[in-house]
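Novice: Take this sequence and fold it.
(chains A and B)
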There are 2 protein chains.
Amino acid sequence: MEKVNLKTEKLRKKIIKIFRKFGLNNNHASISADALINAELVGAYGHGLSRLKMYCDRISKKVINPKPKIKTKKISQSISHIDADNSIGFVAADLAIKKAIQNAKKTGIGLIAVKNSGHYGLSGYYAEQAVKKNLVTMIYTNAPPAVAPHGALKSLFGTNPICFGTPTGSKIPFILDTSISMINRGKIRVAARNNQKIPEGVALDKFGKPTTDAKKALQGVQLPIAGFRGSGLAWMVDILSGVLTGGNHAGRVKDPFDDFTGPQNIGHLFITFKTNLFVKNYNTRIKENINRIKRLPKIKGVKEIMYPGQNKFKRFKMNLKKEIKIAENIKKDLEILEN
Amino acid sequence: MEKVNLKTEKLRKKIIKIFRKFGLNNNHASISADALINAELVGAYGHGLSRLKMYCDRISKKVINPKPKIKTKKISQSISHIDADNSIGFVAADLAIKKAIQNAKKTGIGLIAVKNSGHYGLSGYYAEQAVKKNLVTMIYTNAPPAVAPHGALKSLFGTNPICFGTPTGSKIPFILDTSISMINRGKIRVAARNNQKIPEGVALDKFGKPTTDAKKALQGVQLPIAGFRGSGLAWMVDILSGVLTGGNHAGRVKDPFDDFTGPQNIGHLFITFKTNLFVKNYNTRIKENINRIKRLPKIKGVKEIMYPGQNKFKRFKMNLKKEIKIAENIKKDLEILEN
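Specialist: Predicted coordinates for the structure are as follows:
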């Protein structure tokens, strides 16, 4: 985590204290707090403080294990399998990306599968860690049912993000972290909390009718990007992160907010490799790639062609100086959780 | 290649003879003919016989090397780098997928980068080969400019397919092979040849205006799926297959039909891994995954929820029995090329 301002540091300490109170050790509490603070700083509020109460509730109800015995099985110098023992997702993902970095540094490539994990926030957050170590990375995770497979009337796929990161030869990494859903489930949840509408064409209600009502959309179905293609990409992510890893799949990942009948057993897959495996001048090449694209003629009104991750980085840098704004309902959550 | 009927076999022999005449050795001619025939059989006509003349023209104009000295450099037991010496793309991709299979069988994972290659047809064709050997595979290739980056008024990305394949525990493999363009460039080309219209909302003309005229679309810009997200996925593919491998990138891949000023130097990336690295019962798990999804309630009019590759497999099996229909203009090409 980058150095934050005093007020943010105070908030971070408060979150650590809360996680400690719920039984996480100091290291795990700190990893989890960092991930939540980072989500706030990049403006991904659906993955930030709005989830803190949920994590604590899941620990209380024994469906997140605050004292996990995480096992890392070495398959080869490049490949490892992590059984996260139902830890909070942040801890599993933090361990996995570190192992993926280590294996790639050693052998050129790392492949890490994780099972018995939970929601870990933003894939891009872990991708950034690999990119800082000068690695290319691809990350897949599944999630609770939110998107209907093409042709189906019922949600089954999660928003199943596809994440890809690479160094750019500049300070700002290229981090593509795109849900295959037309809209992020977290955003719908925030809209529902704040009684805001969602855009048209992104979701259906539980009867299969288009809706802009966030609450109805949460009970209904989110639409995949690009019809059959997006549905196929979501299916791919479910296979890579669920079927392959030993995690839950095919709609069996429980909704962390609504379903406390058991652990989520989410699966993740992390692939990392060195940038200089095949060319010596990767950084020069990617700089040239980005510059050529940025120099293209632009559509009227477009100031700059942005690469994925660029906007988020700007938001992060700007927010780093400010105080994190906390919604009233979340302030109440914090007070209750603290005491 | 599966066994084809007598008439198809005759056509295959004819194509081999043509490639031989243009200087390919018997093995390379046979690999290339198989790929073209396969494209016809799966109904991907834009990647089939409609390209034969182009390949021969490029050989004649010395921008495809009929006698390549292909070099395979071993980076590790898992990782190899192929310099295809401007071979016809089919030959480079055939070698690469075989190497990717070999490396994965040996170490669990294979990562093969290819540079100085050309258009290789359908990624799915190579994915099938890995899947038949019980491997999961991911394949990336770039292509000549066809799609405008988000915010740009000029094409730069190719249709840059994302390809993913996995065994399913049944005869029909799961093969997702999806262009990030709203429409396949090959399909626009076929429509232009046959004076057919293309759907609305998939392309702009060279002035940036929406068009359904296939010829105008070829001079203009194809739109990416899902706006900024699709543009990001196309960018990812350009980086993985071009920047990383040593191939051309950032719009420098030449159009094989229109630009004979030099070789294409397309790059490809092949990733393969074993299905049983992390679970012992992968086939059971994926069968269950597919069955659960197929059993979902369906939208009115939908008979079956299909997984990627299923329709293509059905078409292939059906077409295998039939004679391949050849358009008149292509018949003429064949006659000229033969004599």
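
Novice: Please save the CA atoms from the host helix or strand of A:Ala93 in CSV.
Specialist: Per DSSP states H and E: A:Ala93 is located in helix A:89-107. Extracted in CSV, the C-alpha atoms of helix A:89-107 (Å, rounded to 0.1, in the frame of the first residue of the first chain):
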residue,chain,number,x,y,z
GLY,A,89,-10.5,-13.6,0.4
PHE,A,90,-8.0,-10.8,0.7
VAL,A,91,-5.6,-13.0,2.6
ALA,A,92,-5.8,-15.9,0.1
ALA,A,93,-5.4,-13.6,-2.8
ASP,A,94,-2.4,-11.7,-1.2
LEU,A,95,-0.7,-15.0,-0.6
ALA,A,96,-1.5,-16.3,-4.1
ILE,A,97,-0.2,-13.2,-5.9
LYS,A,98,3.0,-13.3,-3.8
LYS,A,99,3.5,-17.0,-4.7
ALA,A,100,2.8,-16.2,-8.4
ILE,A,101,5.4,-13.5,-8.3
GLN,A,102,7.9,-15.8,-6.6
ASN,A,103,7.4,-18.6,-9.1
ALA,A,104,7.5,-16.4,-12.1
LYS,A,105,10.7,-14.8,-10.9
LYS,A,106,12.2,-18.2,-10.4
THR,A,107,11.1,-20.0,-13.6
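
Novice: Indicate whether that helix makes contact with chain B.
Specialist: Yes - using CB under 8 Å from any CB of the partner chain, helix A:89-107 reaches chain B at A:Thr107. C-beta here means a position set from N, CA and C on the backbone, and glycine is covered the same way.

Novice: mind listing what's buried in that helix?
Specialist: A:89-104, A:107 (16 or more other CB atoms under 10 Å in any protein chain shown).

Novice: Could you do stretch A:164-179 as well?
Specialist: Under 16+ other CB under 10 Å, the buried positions of stretch A:164-179 are A:164-169, A:172-179.

Novice: Does chain B have contacts with that stretch?
Specialist: Yes - Stretch A:164-179 is in contact with chain B by CB under 8 Å from any CB, via A:Phe164, A:Thr166, A:Phe174, A:Leu176, A:Thr178.

Novice: Among those, name the ones in strands.
Specialist: A:Phe164, A:Thr166, A:Phe174, A:Leu176, A:Thr178 (DSSP state E).

Novice: Distance check, the spatially most central residue of chain A against chain B.
Specialist: Centroid-nearest residue in chain A: A:Leu122, 2.0 Å away (criterion: CA atoms, centre = their mean). Using CB to the nearest CB, to the nearest Å, A:Leu122 is found at 15 Å from chain B.

Novice: Return the residues in contact with that residue.
Specialist: By CB atoms under 8 Å, 6 or more residues apart in numbering or on different chains, the contact list for A:Leu122 reads A:Ala35, A:Asn38, A:Ala39, A:Val42, A:Ala44, A:His47, A:Asp177.

Novice: Over to it: give its phi and psi.
Specialist: Torsion angles at A:Leu122 (phi, psi; degrees, to the nearest 10) stand at phi -90, psi 130.

Novice: is it true that A:Ile188 lies in a helix?
Specialist: Yes - per DSSP: H, G, I helix; E, B strand; the rest coil, A:Ile188 lies within a helix segment.

Novice: ok, it to chain B distance?
Specialist: Applying CB to the nearest CB, the value for A:Ile188 to chain B is 17 Å.

Novice: Which stretches in chain A count as strands?
Specialist: Under the criterion DSSP E, chain A contains strands at A:71-74, A:79-83, A:109-117, A:135-141, A:162-166, A:174-178, A:203-204, A:221-222, A:266-274.

Novice: hang on, the earlier thing: which of the contacts of A:Leu122 sits closest to A:Leu334?
Specialist: Lowest distance from A:Leu334 to those (CB to CB) belongs to A:Ala39, with 15.4 Å.

Novice: burial measure for the closest residue to A:Ile172 other than its chain neighbours, as a count.
Specialist: Leaving aside its sequence neighbours, A:Ile172 sits nearest to A:Phe313 (CB to CB, 6 or more residues apart in numbering or on different chains; 4.6 Å). A:Phe313 is flanked by 17 other residues according to other CB atoms under 10 Å in any protein chain shown.

Novice: In this structure A:Ile97 contacts A:Val131, no?
Specialist: No - between A:Ile97 and A:Val131 there is no contact under CB atoms under 8 Å: 10.5 Å.

Novice: hey, what's in contact with both of the two?
Specialist: A:Thr137.

Novice: which phi and psi does the nearest residue to A:Asp85 once chain neighbours are set aside have?
Specialist: Closest residue in space to A:Asp85, ignoring its immediate chain neighbours: A:Pro68 at 3.8 Å, by CB to CB, 6+ apart. Backbone geometry at A:Pro68, expressed as degrees, to the nearest 10, gives phi -70, psi 150.

Novice: Now for A:Pro68, how many residues are close by?
Specialist: 19.

Novice: The one 3 residues further on now?
Specialist: Counted with other CB under 10 Å, residues neighbouring A:Lys71 total 11.

Novice: Correct me if wrong: it contacts A:Ala92.
Specialist: No - with contacts counted by CB under 8 Å, A:Lys71 stays clear of A:Ala92, the gap being 11.1 Å.

Novice: got any residues that touch both of the two?
Specialist: A:Ile82.

Novice: ok so, going back, so the residue nearest to A:Ile172 versus chain B, what's the distance?
Specialist: A:Phe313 is 14 Å from chain B, by CB to the nearest CB.

Novice: Enumerate every residue touching that residue.
Specialist: Taking CB under 8 Å, 6+ apart, we find A:Phe313 in contact with A:Lys171, A:Ile172, A:Pro173.

Novice: Model confidence score at it, please.
Specialist: Looking at A:Phe313, its pLDDT reads 97.

Novice: Same question for A:Met1.
Specialist: 66.

Novice: measure A:Asp205 to A:Asp213 for me?
Specialist: 7 Å (CB to CB, to the nearest Å).

Novice: make that A:Gln310, sorry
Specialist: Distance, A:Gln310 to A:Asp213, using CB to CB: 33 Å.

Novice: Can I get the contacts of A:Phe313 in TSV including distance to B:Leu24 and pLDDT?
Specialist: Below are the contacts of A:Phe313 laid out as TSV (distance: CB to CB, whole Å; pLDDT from 0 to 100):
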residue	distance to B:Leu24	pLDDT
A:Lys171	48	95
A:Ile172	46	98
A:Pro173	43	98
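
Novice: Where does pLDDT dip in the stretch 151-300 of chain A?
Specialist: Applying pLDDT under 70 to the stretch 151-300 of chain A flags no residue at all.

Novice: Would you map the helices across it?
Specialist: Listed in chain order, the helices of the stretch 151-300 of chain A (DSSP state H, counting those that start in this stretch) span A:185-193, A:214-219, A:228-238, A:282-294.

Novice: Hey, what's the angle from the last one to helix B:228-238? Just curious.
Specialist: Read that as helix A:282-294. For helix A:282-294 against helix B:228-238, the angle by axes from the mean of the first three to the mean of the last three CA atoms, to 10 degrees is 140 degrees.

Novice: Quick check: which helices or strands does helix A:282-294 pack against?
Specialist: If contacts are counted by 3 or more CB pairs under 8 Å, 6 or more residues apart in numbering or on different chains; DSSP states H and E, helix A:282-294 sits against no helix or strand.

Novice: list the buried ones in it?
Specialist: For helix A:282-294, a neighbour-count test (16+ other CB under 10 Å) marks A:Tyr282, A:Asn283, A:Arg285, A:Ile286, A:Lys287, A:Glu288, A:Asn289, A:Ile290, A:Ile293, A:Lys294 as buried.
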